[in-house]
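Peer 1: Attaching a predicted model along with its sequence, questions to come.
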Amino acid sequence: MDAILSPLYTAVSWIIVQFHSLYSHLFGPDTGWAWGLSIVSLVIVIRICLIPLFVKQIKATRAMQAIQPKMKAIQERYKNDRQRQSEEMMKLYKEAGTNPFSSCLPILVQSPFFISLYQVLNHIAKNQPVGVIDQTLLASAQKAHVFGAPLSVKFTDSAEKVAQLGASLTDVRVVTITMIILMSLSQFVTQRQLMTKNVDLTVKTPFMQQQKMLMYVFPVMFAVFGINFPVGVLVYWLTTNVWTMGQQLFVIRRNPTPGSKAWTERQDRLKKAGRLNADGTPAKSGLTSLVKGGKAEPVQPEAPAAPVVRQQPKRQTKAQRQQAAPTGRTSEDTAGAGTADAAQGAPAKAAPGGGKRPGQPGRRTPQPAGQRPKKKS
């Protein structure tokens, strides 16, 4: 392990030494502030470098949430064919442009730095040179205390070892327990704000249950493993947890998951500020619109639609109703038919007898003169 991570030992120790030389001018070279702030600065440098990976993690997490219903359908459809199920899952991941390991990528990338820092502080505790830290810097680090606890001691160290570094076991236990509690609490708050504010509540998926379980598992893991971390590593891990909590809070407020509680709150804020378009998208204003050459203008509310006026049918006279009754058509239909005939060049022919057709009830059929019945005397 040391041979593989030796370049990282050198890189981590070099960054710490550079920051230590800077803070030594302010707090003194042998103080806990100089060495502790050097570790905090190391965290900030690493996390800034991980911001692109953090953005990918957010996109991957949202993509995984979106395809959860499809994943469940594939599992139900091919529950008896594991090979086909795996093939369909890989195909779905490829189409969505994500995979289950994308959300863990920042943690995996950060792990070598965490291990390297742990080993560097372990070498300091054993008074062994590591990387660019020589005997002079080792002697300075041995004298550095954070609230009375040396950087290289652990909760499980003996009273004799702690006394050799010029500290008391009580101070070490109080400082380490306090930092472990703060570390676990920050991890719990980070996971809880993700579950309560940035999860699409309209879709119930197994992914939500997994995240809910991790909300309680991670703090317990930090509490268990934290007793074996040196104080310097606890400073590192507490700082990175606080950074993650603040970074996630910023993302949830500015770019929440659609359908989540944070999304609804953001839409309400934009609506009150007049920066929400009719389709629900945020209006381009301020610096964004000015950079693109536009002018930041408030969104004007849409004019209400004109009321629909219903037209009542016209009253017809009795003659008009009787004229339309035999054919079963209204006067408007008759007029329309006449117009169509006129357009085709065929004039409408009037039926004999004033528009009445032969054989209609109520009209006598005329007889030839020789066949008329004689009048009775």
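Peer 2: Received the coordinates, thanks.

Peer 1: and residue 323, which of the three is it?
Peer 2: With DSSP: H, G, I helix; E, B strand; the rest coil as the basis, residue 323 sits in helix.

Peer 1: Could you identify the helix or strand that succeeds the helix or strand residue 9 falls within?
Peer 2: Residue 9 is part of helix 2-27 when elements are defined by DSSP states H and E. Next along the chain after helix 2-27, taking DSSP H and E as the criterion, comes helix 32-49.

Peer 1: list the buried ones in that following helix?
Peer 2: 32, 34-43, 46-47 (16 or more other CB atoms under 10 Å). Yep, even glycine has a C-beta here, placed from its N, CA and C like the rest.

Peer 1: Not counting its own residues, what contacts that helix?
Peer 2: 12, 15-17, 19-20, 23-24, 26-28, 110, 113, 117, 140-141, 144-147, 151, 232, 235-236, 239-240, 243-244, 247 (CB atoms under 8 Å, 6 or more residues apart in numbering).

Peer 1: pLDDT and distance to residue 184 for the buried residues of helix 32-49 - can I get that in a markdown table?
Peer 2: Shown next, in a markdown table, are the buried residues of helix 32-49 (pLDDT from 0 to 100; distance: CB to CB, whole Å):
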| residue | pLDDT | distance to residue 184 |
| --- | --- | --- |
| 32 | 89 | 23 |
| 34 | 92 | 27 |
| 35 | 91 | 24 |
| 36 | 91 | 20 |
| 37 | 93 | 23 |
| 38 | 92 | 24 |
| 39 | 90 | 19 |
| 40 | 92 | 19 |
| 41 | 93 | 24 |
| 42 | 88 | 22 |
| 43 | 87 | 18 |
| 46 | 85 | 21 |
| 47 | 86 | 19 |
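
Peer 1: ok, these vs residue 170, which is closest?
Peer 2: Distance to residue 170 across the buried residues of helix 32-49 (CB to CB) is lowest for residue 32, with 17.1 Å.

Peer 1: any idea how far the closest one lies from residue 129?
Peer 2: Distance of residue 32 to residue 129, computed by CB to CB, to the nearest Å: 21 Å.

Peer 1: Could you do residue 218 as well?
Peer 2: From residue 218 to residue 129 the distance is 35 Å (CB to CB).

Peer 1: quick one: average pLDDT of stretch 69-80?
Peer 2: Mean per-residue pLDDT for stretch 69-80: 83.

Peer 1: Could you tell me which residues within it count as buried?
Peer 2: Buried, per 16+ other CB under 10 Å, within stretch 69-80: 71, 74, 78.

Peer 1: Stretch 256-265 too?
Peer 2: For stretch 256-265, by 16+ other CB under 10 Å, it's 256-257, 260-263.

Peer 1: Specify which member of the residues you listed is nearest to residue 82.
Peer 2: The closest of the buried residues of stretch 256-265, once distances to residue 82 are taken by CB to CB, is residue 257, at 31.4 Å.

Peer 1: surely that closest one meets residue 251?
Peer 2: No. Between residue 257 and residue 251 there is no contact, the gap being 9.8 Å when judged by CB atoms under 8 Å.
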